[in-house]
Structure formats: C-alpha cells, structure tokens
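Q: Need the 3D shape of this:
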Amino acid sequence: MTKQQGKLGLTARIVIGMVLGFITGLICFYFTPTPVPGVKTEPGFIQTWLTQGLFQIGGQLFIASLKMLVVPLVFVSLVCGTCSLSDPSKLGRLSGKAIGLYLLTTAIAISLAISMALIVKPGVGVDRHVEEGYTPAAPPSLTDVFTNLVPTNPIEAMASGNMLQIIVFAVLFGVAVALSGKAGARIAKLFEDFNEVIMKLVTILMNLAPYGVFFLMAKLFAGSGLETLGNLIKYFLLVLAVLLMHAFISYPLLLKLLTRLNPFMFLRKMRDAALFAFSTASSNATLPVTLETVTKKLGAKNSIASFTVPLGATINMDGTAIMQGVATVFIAQVYGMDLSLTDFLMVVLTATLASVGTAGVPGVGLVMLAMVLTQVNLPVEGIGLIIGVDRLLDMTRTAVNITGDAMVTVAVAKSEGELDEEVFNDPAAARKEEEVHLPHRS
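A: Have a look, this model is predicted:
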C-alpha cells in the first residue's frame, strides 16, 4: 500500500470528526452542572472555555468560510456554465431542451422535498431557540421578488449577498460573453481559470471540514445532550428517502413519459456510474464515467452527450436541491419559525436557479444552503444542526445528480433522433466496458 493509499479519505475523516465531536459534546454536557431554578450560578470552565469558547469559535469560523465562498462561487460558475452555450445556431434547440428538463427535474425535486418535510416534520420537538439578538427581517412580497430580480447595481448586489440578482446578472453576463466573439473567448478563458482557482479553494476548505464538524457537533451536544439526536436521525432518513424517491420514481416516470423507453433497463445500466459517483461525491469527478455510460451503454450519440452531460454536471443539482428543501424546513422547525407561502416559493425559485451555479464538487451544497437560508431570513448557524451527517448524504446526492444527467441526455437524444435504441435495449451493453466504469484498485 502506498503512502497516498494509506491516507484516510475526506468521508472517513468527517465521520471521525463527527463521532469525536458527538462524544466530546456529551462528555461536556454531562460534566456541566445542571442549573438550579432561582439560583444564580457562574458558568464553569467547560461552558466558558469549551462550549462558548473553543467550540463556538471553531464552528463559527467554519460557517464563515462557507459564507465567504457563496458569491464568487455562484457568479463564476454561472458565467462559465452560460459561456458553454457558445454556438447558438447549433446549440439553441438542444440547450433549450436540456436546460428546460434540468430545471424541471430540480423544481420537482425541491417541491417533493419541501412537501415531505412538511408532512414528516423532522425538526418539531427540538428545544432550540434563535440566538439572542437575532430578529428576522420581514420577508419580501412575491411582487417585490420578481421586480427586484434585475440588479440596478451588480456590485452592490454582490456586496449585500442578494443571490437572485447575482444569478440574473451572471446569466446575462455569460450570454454576452458567449456572443462576443474573440473578446468573449478571452474573457471565457479567464473565467475558466477563475473557476479552477475557486474550486481549489473549495477543496482546501472542505479539507478543514472534519475540524469544523467536530466543533459544531461538540457545541451542539455540549449544550443539548442527546435531545437532538433523534431529530437528526429523522432528518437524515427523510433526506435519504426523498433522494431515493426522486431517483427511483421521478426519473423513471419522466423517462417513460418522454421516451417510452424501459426505465428498468436505464436504472440497471446506471449502477456502475452511480456507485462511482457515490464513492467520489463529485459530479465533476464522475463526469468521464457518466459520459461513457450514456454513450456506450445507453446509446446516446456523442454529439448530444458531450454537451448535455457537462452541462448537467454544472446546472443539474437535484440532490442538492432536495437537501436544501428538507434542511430549510428542518431548521425553520427547530428554531420555531414559520415560513409563509412566499417563503416556500422563494426556496423553490432560489434553489432551482442556484442549481445552475452549484459546482459538482464535494460539500458545495452547504455553501448553497447558506444562500437559501439567508434568502428566507433563517439563521445560517442552523447549518450546524445538519452538517455532521451531510457528507454521507452528499455521496447519495451525487449519485442522484448523475442519474438525472443521464436521464435528460437520453431524453434529449431520443427527441433529436440521436439515440441508438438497440444499444439502449441490449443488456450485454451493460457489461462490455465494465472495467472502465469501476475505480482502479491495486
């Protein structure tokens, strides 16, 4: 075994951080004296230096690092994604179909997530209040939401973190770059370099995630003991259930309605790519495997797949949208805050549009969740409630995302007459290139 192979992966390190934080928090909780009603007691060493000191500082620094990435990540990713539509004469109809289907599946995903969360109520019963001094602002009306979509000052929108305005400006800017010829090509190349740098920054910060998870979990359980554990498990199982429903019900139904193809054959041939996506937790890392699957196993012509699959890795984040929908309702219930119909529409709209700017790398969904919470005036600190189990869900979300990429690719290829149905219906095609789809082990 090489030195590189001997290193623990990010998933293992985050699980270790979560478990250690859980144990440390419980130890602190049970060694902290229980307050006696009517008797004034001074906070002890554990509460002063650990719960409200080290754990608080460490957790807040990690949350701040996530918020720091929101604006540059969304803007640069969106511009890069829009710039890929550089040949309107060739890609106009194709891009319209692909983008429309991607946005449709994302809207279905988050609507399903919110509905299930409202039915199951995973956050009800957790005794956790909004921090002292936090006063939620009055939510804007639906009219204001649409009239304020276009920013009068894009720099001000970025400084204030108005994500809907940033998204609109980024899309318009990306379209302008794509239509600007040689000058646009130079700008596009610059943004691709920016995107590489920002992705590296995301990777750096995600390597700090085990420590952030430790501090957040330790503070959570040091202050509340085991009272939130049941609800955390309920949240985890709910997100997992909605992800599986979307993968095994929504996608097959859409595929059947749009193409009349056998959805069971589709799911069977997606197994290897889904397992690879689960292990990497990155749509971008899985992109070559997804592309190979849709062309060699599912029969989509490369002229279609080479556009729709990379586009899907950029804008199709159904799994992330599901997490955002459930997490938003969960955090609102935990903090005892009611969301209006306008708030829910804002969550659907924001998460659907933000999926266009959600890069396909591990952990980036948490950055987008911070944006969604801010948009509906919920405490961003609520991310600390779910971050401990998020990495495990992130792996499942990625498998769902690439399944959606493949489904849309097949549907678009079928509509364009660019799908080889003999390959799609051939069970042997699922085994011809099996070794290509599995990660190498030595």
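Q: How about exporting stretch 155-171 as PDB, limited to the C-alpha atoms?
A: What follows is stretch 155-171, C-alpha atoms only, in PDB (Å, rounded to 0.1, in the frame of the first residue of the first chain):
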ATOM      1  CA  ILE A 155     -21.500  45.300  -7.300                       C
ATOM      2  CA  GLU A 156     -24.000  46.300  -4.600                       C
ATOM      3  CA  ALA A 157     -25.900  43.000  -5.100                       C
ATOM      4  CA  MET A 158     -22.700  41.100  -4.600                       C
ATOM      5  CA  ALA A 159     -21.700  43.100  -1.500                       C
ATOM      6  CA  SER A 160     -25.100  42.600   0.100                       C
ATOM      7  CA  GLY A 161     -25.300  38.900  -1.000                       C
ATOM      8  CA  ASN A 162     -28.600  39.300  -3.000                       C
ATOM      9  CA  MET A 163     -28.300  35.900  -4.700                       C
ATOM     10  CA  LEU A 164     -31.200  36.200  -7.100                       C
ATOM     11  CA  GLN A 165     -29.800  39.400  -8.500                       C
ATOM     12  CA  ILE A 166     -26.300  37.900  -8.700                       C
ATOM     13  CA  ILE A 167     -27.700  34.900 -10.600                       C
ATOM     14  CA  VAL A 168     -29.600  37.000 -13.100                       C
ATOM     15  CA  PHE A 169     -26.500  39.200 -13.700                       C
ATOM     16  CA  ALA A 170     -24.200  36.200 -14.100                       C
ATOM     17  CA  VAL A 171     -26.500  34.600 -16.700                       C
END
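Q: List the buried residues for it?
A: Neighbour counts over stretch 155-171 (16 or more other C-beta atoms under 10 Å) mark 157-158, 161-171 as buried. C-betas here are computed from N, CA, C, even on glycine.
Q: next one: stretch 196-208
A: 198-199, 202, 205-206.
Q: picking that back up, could I get the buried residues of stretch 155-171 in CSV, plus columns for distance to Leu240?
A: Formatted as CSV, these follow (distance: C-beta to C-beta, whole Å):
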residue, distance to Leu240
Ala157, 35
Met158, 35
Gly161, 30
Asn162, 33
Met163, 27
Leu164, 29
Gln165, 34
Ile166, 31
Ile167, 29
Val168, 33
Phe169, 36
Ala170, 32
Val171, 32
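Q: In strands, which of those appear?
A: Among the buried residues of stretch 155-171, DSSP state E puts none in strands.
Q: With adjacent residues omitted, what lies nearest to Gly325?
A: Of all residues not flanking Gly325 in the chain, Ala113 sits nearest, at 3.1 Å (C-beta to C-beta, 6 or more residues apart in numbering).
Q: Could you identify the helix or strand that succeeds the helix or strand hosting Phe330?
A: Per DSSP states H and E, Phe330 falls inside helix 318-334. Next helix or strand after helix 318-334 toward the C-terminus (DSSP H and E): helix 341-354.
Q: so Leu73 touches Val197, yeah?
A: No - between Leu73 and Val197 there is no contact under C-beta atoms under 8 Å: 11.0 Å.
Q: backbone phi and psi for Leu419, please?
A: When read as degrees, to the nearest 10, the backbone of Leu419 gives phi -120, psi 130.
Q: for Ala300, same thing?
A: When read as degrees, to the nearest 10, the backbone of Ala300 gives phi -70, psi 140.
Q: residues contacting it?
A: Ala300 sits next to 294, 409-410, 413, 418-420 when contact means C-beta atoms under 8 Å, 6 or more residues apart in numbering.
Q: try 7 Å
A: 294, 409-410, 413, 418-419 (C-beta atoms under 7 Å, 6 or more residues apart in numbering).
Q: Which of these ranks first by neighbour count?
A: With neighbours defined as other C-beta atoms under 10 Å, the most crowded of these is Val294; it has 32 neighbours.
Q: Verify the stated contact: that one with Ala411.
A: No - Val294 is beyond contact range of Ala411, at 11.0 Å (criterion: C-beta atoms under 7 Å).
Q: Arg93 and Leu254, how far apart?
A: Look at Arg93 and Leu254: by C-beta to C-beta, to the nearest Å, they are 19 Å apart.
Q: what helices or strands is the helix holding Phe330 leaning on?
A: Where contact means 3 or more C-beta pairs under 7 Å, 6 or more residues apart in numbering; DSSP states H and E, helix 318-334 is packed against helix 88-120, helix 229-245, helix 341-354, helix 364-375, helix 383-415.
Q: mind putting the ones you listed in CSV, distance to Phe264 included?
A: Listed next are those as CSV, based on distance: least, C-beta to C-beta, whole Å:
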stretch, distance to Phe264
helix 88-120, 19
helix 229-245, 16
helix 341-354, 29
helix 364-375, 29
helix 383-415, 13
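Q: Tabulate these (CSV), appending mean pLDDT and distance to Phe22.
A: What follows is these, written out as CSV (pLDDT from 0 to 100; distance: least, C-beta to C-beta, whole Å):
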stretch, mean pLDDT, distance to Phe22
helix 88-120, 83, 23
helix 229-245, 83, 8
helix 341-354, 76, 29
helix 364-375, 74, 19
helix 383-415, 83, 7
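Q: Near the closest residue to Ala188 other than its chain neighbours, how many other residues are there?
A: Counting by C-beta to C-beta, 6+ apart, Ala188 lies nearest to Cys83, which is 4.3 Å off, once chain neighbours are set aside. Cys83: 22 surrounding residues under other C-beta under 10 Å.
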